[in-house]
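Participant: Here is a sequence together with a model predicted from it:
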Amino acid sequence: MDSFESTRRRSAELNVDIASNPERYRLISGERPTGSLHLGHYFGTIIERVRLQALGIETFVILADYQVIADRDAIGRVRENVYSAVIDYLAAGLDPHCSTIFTHSAVPELNQLMLPFLSLITEAELHRNPTVKAEHDASGRALSGLLLTYPVHQAADVLFCKGNLVPVGKDNLPHVELTRVIARRFNDRYGRVFPEPQALLTSAPEVPGIDGRKMSKSYGNAISLSMTADQTVKIIRKAPTDSERTITFDRANRPGISALLTTAALCLGRDEESLAAEVGNGGARALKELTATAVNEYFAGHRIRRNEIAADPGFVHGVVRAGNTRASEFARRTLDEVRRAMGTTY
């Protein structure tokens, strides 16, 4: 695989073409609704979707509810999590008239693409996928068939609507590459049906949690978009730091301090080093106060919009139903093309 720097350069070139020719692209992105969305989702992908939507790019956002059980025993509060995510999408600026927001389980034709796609990928390729390996190690359980084939599910999520633009962080680049492989192999075997999607690196590909690790609900280190201002202050005050009073940015040796600096920098539109110099000898307490204030001021408007949208659940449910209907129409057309290409129309 090309180096990360090569991918970054290609993303920069892609951004230039997107700005000039947005009609060439169809964006597909999404999340597993395993809990509340957090700052990692927001700065990692959500604001990028809003930016690309504003350029006029056709946008699809999938809430992959079936994939929730890829690495866990139960589906949990998935319905609640889906609607909570939709509220955050709308509050952040996704427009349901321009973006199709839908749930995985409501589009059965999407899953029917799994069978031909699985025939194009070897077991060894699935085992090499870093997400499969990481999620399996973290689960402490036997590798399930669903988790092993998770990358192929993601390929179906992208290709069912012939998405050709996937905004991702660094960790998800292997999934886009495998999707490209599946599209290429299908086209070579049966005739051209699918585009080979391109990865567009987001402006903040790595967003740390308050402890310096990747922000994740499972780590308990996430600042959720649904938190109140007081809850945000509380979780930031609990962030692990160190005893050195002078604030410096050093990811390797000071992960907690550096994570707080990155969080504040994202919200303030500044760099970590200048913020560290500004706090100086103020210590961790001053840094936490700075970070909490930065987060709360940045998301003040989002919280107001979120509360207004949440007060009308009928509207939120309608957005999901309309998105499911439109996604199903795309999936049916694509599946019909696949059947014709494979000679399985009767």
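Facilitator: Yep, it's here.
Participant: for the helix or strand where Ile62 lies, packing partners?
Facilitator: Assessed by DSSP states H and E, Ile62 sits inside strand 58-63. Applying 3 or more Cβ pairs under 8 Å, 6 or more residues apart in numbering; DSSP states H and E, one finds that strand 58-63 contacts strand 26-31, helix 47-54, helix 78-92, strand 99-103, helix 313-342. From N, CA and C alone the C-beta is placed, and that goes for glycine too.
Participant: Go again with 10 Å.
Facilitator: Packing partners of strand 58-63 (3 or more Cβ pairs under 10 Å, 6 or more residues apart in numbering; DSSP states H and E): strand 26-31, helix 47-54, helix 78-92, strand 99-103, helix 150-159, strand 165-168, helix 313-342.
Participant: Let's have the ones you listed in TSV, adding mean neighbour count and distance to Arg285.
Facilitator: As requested, these are exported to TSV (neighbours: other Cβ atoms under 10 Å; distance: least, Cβ to Cβ, whole Å):
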stretch	mean neighbour count	distance to Arg285
strand 26-31	23	34
helix 47-54	19	30
helix 78-92	21	30
strand 99-103	25	41
helix 150-159	25	42
strand 165-168	23	36
helix 313-342	17	39
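Participant: Show me which positions of the strand holding Ile62 end up buried.
Facilitator: Across strand 58-63, burial judged by 16 or more other Cβ atoms under 10 Å covers Glu58, Thr59, Phe60, Val61, Ile62, Leu63.
Participant: Please put the alpha-carbon coordinates of it into PDB.
Facilitator: C-alpha atoms of strand 58-63 as PDB (Å, rounded to 0.1, in the frame of the first residue of the first chain):
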ATOM      1  CA  GLU A  58     -24.600  14.000  -3.600                       C
ATOM      2  CA  THR A  59     -24.300  12.600   0.000                       C
ATOM      3  CA  PHE A  60     -25.200   9.200   1.600                       C
ATOM      4  CA  VAL A  61     -24.800   8.600   5.300                       C
ATOM      5  CA  ILE A  62     -25.300   5.100   6.600                       C
ATOM      6  CA  LEU A  63     -26.000   4.100  10.200                       C
END
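Participant: does Asn296 really touch Leu290, like I thought?
Facilitator: No - the pair Asn296 and Leu290 fails to qualify as a contact (Cβ atoms under 10 Å) at a distance of 11.1 Å.
Participant: Now the common contact residues for those two.
Facilitator: Common contacts of Asn296 and Leu290 (Cβ atoms under 10 Å, 6 or more residues apart in numbering): Ile236, Cys267.
Participant: Those two - which one has more neighbours?
Facilitator: Leu290 (22 against 18; other Cβ atoms under 10 Å).
Participant: Contact partners for the more buried one?
Facilitator: Neighbouring residues of Leu290 by Cβ under 10 Å, 6+ apart: Ile236, Ile247, Leu260, Leu261, Thr263, Ala264, Cys267, Leu268, Leu275, Glu278, Val279, Gly282.
Participant: Can you tell me which of these is closest to Arg305?
Facilitator: For the contacts of Leu290, the minimum distance to Arg305 (Cβ to Cβ) is 16.9 Å, reached by Cys267.
Participant: Which helix or which strand is home to the closest one?
Facilitator: Applying DSSP H and E as the criterion places Cys267 in helix 255-268.
Participant: I'd like to know how many residues surround Ala19.
Facilitator: 10.
Participant: on that earlier part again, tell me what angle the helix holding Cys267 forms with helix 47-54.
Facilitator: With axes from the mean of the first three to the mean of the last three Cα atoms, to 10 degrees as the basis, helix 255-268 and helix 47-54 are set at 20 degrees to each other.
Participant: what about dumping the CA coordinates of helix 255-268 to CSV?
Facilitator: What follows is helix 255-268 as a C-alpha-only set of coordinates in CSV (Å, rounded to 0.1, in the frame of the first residue of the first chain):
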residue,chain,number,x,y,z
PRO,A,255,-0.3,11.8,26.0
GLY,A,256,-2.9,13.3,28.4
ILE,A,257,-1.6,16.8,28.2
SER,A,258,-1.2,16.5,24.4
ALA,A,259,-4.8,15.2,24.0
LEU,A,260,-6.2,18.2,25.8
LEU,A,261,-4.1,20.5,23.7
THR,A,262,-5.3,18.9,20.5
THR,A,263,-8.9,19.1,21.6
ALA,A,264,-8.6,22.8,22.4
ALA,A,265,-6.7,23.4,19.2
LEU,A,266,-9.4,21.8,17.1
CYS,A,267,-12.1,24.0,18.7
LEU,A,268,-10.1,27.2,18.6
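Participant: in the stretch 1-150 of the chain, what spans have low per-residue confidence?
Facilitator: Low-confidence segments of the stretch 1-150 of the chain, defined by pLDDT under 70: 1-2.
Participant: do that again at 80, thanks
Facilitator: 1-4, 71, 135, 138-140 (pLDDT under 80).
Participant: Against which helices or strands is the helix holding Cys267 packed?
Facilitator: Counting by 3+ Cβ pairs under 10 Å, 6+ apart, helix 255-268 packs on helix 39-41, helix 229-237, helix 272-279, helix 283-298.
Participant: again, only using 6 Å
Facilitator: helix 272-279, helix 283-298 (3 or more Cβ pairs under 6 Å, 6 or more residues apart in numbering; DSSP states H and E).
Participant: Could you list the buried residues of the last one?
Facilitator: Same thing as helix 283-298. Using 16+ other Cβ under 10 Å as the test for burial, helix 283-298 gives Gly283, Ala284, Leu287, Lys288, Leu290, Thr291, Ala292, Thr293, Ala294, Val295, Asn296, Tyr298.
Participant: Great, nothing more from me.
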